[in-house]
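I would like to see how this sequence folds:
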Amino acid sequence: MQKVLITGFEPFGGERVNPSWEVVKQLNDLELGGAHIIARQLPCVFGEALTVLNAAIDEVQPAMVMAIGQAGGRTDITLERVAINVDDARIPDNQGQQPIDQAIVADGPAAYFSTLPIKAVVNAMREAGIPASVSQTAGTYVCNHVMYGLLHRLSGQQAVKGGFIHIPYLPEQAAQHPGAPSMAAQTVLFALEMAISIALQVEHDLKVVGGATH
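Residues are numbered from 1 along each chain as shown. Here you go, the predicted structure:
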């Protein structure tokens, strides 16, 4: 059975929880879309996050990797289109690092695009009544760092798809940020299950069509 690696982050920026890990950990060891889901937590630390991610990829040998992160202040689930080759931290990471205008990969390309079917997933979420959109920026903090590093790692492995999804605060977090939007964990969980299933189905359909044309 093929495997899907899905990651979430530890809390950062003074938050007690990180919604990405609170939801992602519930997916661990499930079967969705004919695949075994394996969840891993990433540290919110430049460099170390990619070390942990790459070790997980080596261990799991996934057919697909979805990295999930918190985007406090966003109103919907956002599928990131692009990661850029820059670390520019507004706040220090969990080890006190605060890189400014630094390349993630020296001499790497300026950007990488998600290889997930982002518009198909967004459309399905909206049809299910879940606010979702395509985002054109993953920021320049550890989330973008992970997305760029992931896609750089996968750039020579066309068979392995990857991308990044941002999710809003949980309600208990928004309660500490008056006026901030939030989304219930169960809603996010349903949305991520849908994202995995759709991405796997799209990939399967492409392989069937490709096989039929040769």
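
how about residue 133, secondary structure?
strand (DSSP: H, G, I helix; E, B strand; the rest coil).

count the neighbours of the residue lying closest to residue 44 once chain neighbours are set aside for me.
The shortest distance from residue 44 to any non-neighbouring residue, by Cβ to Cβ, 6 or more residues apart in numbering, is to residue 12 (3.8 Å). Quick note: C-beta positions are derived from backbone N, CA and C, even for glycine. Residues lying near residue 12 (other Cβ atoms under 10 Å) number 18.

state the distance from residue 12 to residue 204.
To residue 204, residue 12 is 36 Å away according to Cβ to Cβ, to the nearest Å.

check residue 85 too.
Distance from residue 85 to residue 204, counting by Cβ to Cβ: 32 Å.

of these two, who's got more company?
Legend: neighbour count by other Cβ under 10 Å for residue 85 and residue 204, higher for residue 85 (20 against 13).

what's the mean pLDDT across the helix or strand harbouring residue 146?
Here residue 146 is covered by helix 142-154, with elements defined by DSSP states H and E. On average, the pLDDT along helix 142-154 is 98.

what residues are up against residue 33?
196-197, 200-201 (Cβ atoms under 8 Å, 6 or more residues apart in numbering).

any idea how far residue 51 is from it?
Counting by Cβ to Cβ - residue 33 and residue 51 are separated by 29 Å.

check residue 180 too.
32 Å.

of the two, give the one with the bigger neighbour count.
residue 180 (16 against 13).

so what does the longest helix seen in the chain touch, helix or strand wise?
Identified as the longest helix of the chain according to DSSP state H is helix 185-212. Judged by 3 or more Cβ pairs under 8 Å, 6 or more residues apart in numbering; DSSP states H and E, helix 185-212 is in contact with strand 2-9, helix 19-24, strand 31-32, strand 35-42, strand 64-70, strand 77-80, helix 118-127, strand 161-167.
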